[in-house]
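Q: sequence first, then the predicted structure, then my questions.
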Amino acid sequence: MPQPITIFIDADACPVKAETYRVAERYGLHVYVVANSFLNVPREQWIERVIVSDGFDAADDWIAERAGPHSIVITADVPLASRCVKAGASALSPTGKAFTDSSVGMALATRNLMQELREAGAVTGGPPPFSARDRSAFLGALDRAVMRLRRAHP
């Protein structure tokens, strides 16, 4: 019997939880909402809240240990995305950007460079505000990821 597709949400500060729930409901997928503290989630059998310890990267570790070829991971955390892609999972940012074997290395390098620039005081702003266009791009990317997994693992 094929393994079902599972979605993991790195839920702390994730702006697309509701969108993820809608797509998961449409396709009948199980969703794990992983956070370091209590979050309200819809009371559905297919949505599971997971509260991990306050330890550094505890949520990332929980997700990375379980993500695999039948998983979609929703995260803005580039190191977590890298770990999940290496495990064979699909990883998407909340803006709809797909992390792949070929893109995650550049994303890590950019992240590290920006962190160094911020620490040196050269860059003082964060990312642009989350927009309706980002939300739409995410919905399309998540739908494509689910369809790709369904074709690959019928």
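A: Nice, thanks for sending it over.

Q: at which residues are the strands of the chain located?
A: 6-10, 30-35, 47-51, 71-74, 90-92, 98-99 (DSSP state E).

Q: and for residue 89, the neighbour number?
A: 24 (other CB atoms under 10 Å). Any C-beta I mention is one placed from the backbone N, CA and C, and that applies to glycine too.

Q: shift numbering so it begins at 681
A: In the new count, where the first residue is 681, that last one comes out as residue 769.

Q: please enumerate the helices of the chain.
A: Remark: helices assigned in the chain by DSSP state H are 697-707, 738-746, 758-766, 781-799, 812-832.

Q: what packs against the longest one?
A: Using 3 or more CB pairs under 8 Å, 6 or more residues apart in numbering; DSSP states H and E as the contact criterion, the secondary-structure elements in contact with helix 812-832 are helix 697-707, strand 751-754, strand 770-772.

Q: so it versus strand 686-690, what angle?
A: 150 degrees (axes from the mean of the first three to the mean of the last three CA atoms, to 10 degrees).

Q: and helix 812-832, what's buried?
A: Using 16 or more other CB atoms under 10 Å as the test for burial, helix 812-832 gives 814-815, 817-819, 821-822, 825-826, 829.

Q: out of the residues you listed, the closest to residue 778 would be?
A: residue 821 (5.9 Å; CB to CB).
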